[in-house]
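> the following comprises the amino acid sequence and a computationally predicted model.
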Amino acid sequence: MASITVRNLSDESKERLRARAKSAGVSLESLARSILDQAAQASIPEAPFPHDLIALVEPGEDIEPHVAQHDEPQRPTCL
């Protein structure tokens, strides 16, 4: 089994997790492990940008408006 250390977790978050664990009748460590297991198994959503740009444009049409329309800042992949 592996272990990790979570640094810089706010006191507020720790207390909320502790209260959540207490209400569920489990330890804080058990709750954190459950949350991390669920996050690790969640699928990563597909990027909103279309990968097949050829399907978006007609021959001779400028591709830039399509790129600009779908251009979004990158979101972190971690949950």
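Okay, I see it. Numbers count the residues shown, from 1 in each chain.

> can you give me the helices in this structure?
Under the criterion DSSP state H, the chain contains helices at 11-24, 28-41, 64-70.

> just want the angle from the second one to helix 11-24.
By that I understand helix 28-41. Angle of helix 28-41 versus helix 11-24, following axes from the mean of the first three to the mean of the last three CA atoms, to 10 degrees, is 100 degrees.

> which strands and helices sit next to helix 28-41?
helix 11-24 (3 or more CB pairs under 8 Å, 6 or more residues apart in numbering; DSSP states H and E). Every C-beta, even on glycine, is put in place using the N, C-alpha and C of the backbone.

> keeping just the C-alphas, turn the helix it packs on into PDB.
Written as PDB, here are the backbone C-alpha positions of helix 11-24 (Å, rounded to 0.1, in the frame of the first residue of the first chain):
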ATOM      1  CA  ASP A  11      -7.600  24.200   8.700                       C
ATOM      2  CA  GLU A  12     -11.200  24.800   7.500                       C
ATOM      3  CA  SER A  13     -11.100  22.000   5.000                       C
ATOM      4  CA  LYS A  14      -9.600  19.600   7.500                       C
ATOM      5  CA  GLU A  15     -12.300  20.400  10.100                       C
ATOM      6  CA  ARG A  16     -15.000  20.000   7.500                       C
ATOM      7  CA  LEU A  17     -13.600  16.600   6.500                       C
ATOM      8  CA  ARG A  18     -13.300  15.600  10.100                       C
ATOM      9  CA  ALA A  19     -16.900  16.500  10.700                       C
ATOM     10  CA  ARG A  20     -18.000  14.600   7.600                       C
ATOM     11  CA  ALA A  21     -16.100  11.600   8.700                       C
ATOM     12  CA  LYS A  22     -17.500  11.700  12.200                       C
ATOM     13  CA  SER A  23     -21.100  11.900  10.900                       C
ATOM     14  CA  ALA A  24     -20.400   8.900   8.700                       C
END
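
> which residues are contacting it?
With contact meaning CB atoms under 8 Å, 6 or more residues apart in numbering, helix 11-24 is reached by 27-28, 30-32.
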